[in-house]
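K.L.:
with the sequence up front, the predicted model follows.
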Amino acid sequence: MTEWAGLGKVFLVLGLGLALVGALLIAADKLPGVGNLFGWFGKLPGDITIRRENFSFYFPIATSVVISIVLTLLLFVFGWVFRR
């Protein structure tokens with residue numbers, strides 16, 4: 001397998017994974033009671049929100065840190081499981 005074919009497969013898997021996560025989030029919003037599960041997402045203390053008359057700015061610092069920690073732990077666990 002050439003170098004570019006392997007990279008293409010990685011992009012396909014990442015794209016399908018993102019599409020699956022998007023579909024799950026859309027489905028979660030439609031189900032009663034499940035849509036409120038992600039109500040905290042983007043509203044943590046430390047997220048910067050500036051609203052003016054014709055301007056709004058949002059920078060989710062705390063949410064980004066939480067997502068980074070969760071993904072780091074998940075990737076560590078998957079790496080640990082598949083190394084054995």
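P.N.:
The structure has been received and is ready for your questions.

K.L.:
OK, contacts around V66?
P.N.:
L44 (CB atoms under 8 Å, 6 or more residues apart in numbering). Backbone N, C-alpha and C define where each C-beta goes, glycine included.

K.L.:
mean confidence for the longest helix along the chain?
P.N.:
In the chain, with assignment by DSSP state H, the single longest helix is helix 3-30. Taken as a whole, helix 3-30 carries a mean pLDDT of 84.

K.L.:
sec struct for the most centrally placed residue in the chain, please.
P.N.:
Nearest to the mean C-alpha position of the chain, counting by CA atoms, centre = their mean, stands I67 at 6.7 Å. With DSSP: H, G, I helix; E, B strand; the rest coil as the basis, I67 sits in helix.

K.L.:
and F57, which of the three is it?
P.N.:
strand.

K.L.:
for it, give me its contacts.
P.N.:
By CB under 8 Å, 6+ apart, the contact set of F57 is 48-51.

K.L.:
from F76, how far off is the residue nearest to the centre of the chain?
P.N.:
Per CB to CB, to the nearest Å, I67 is found 15 Å from F76.

K.L.:
for R52, same thing?
P.N.:
41 Å.
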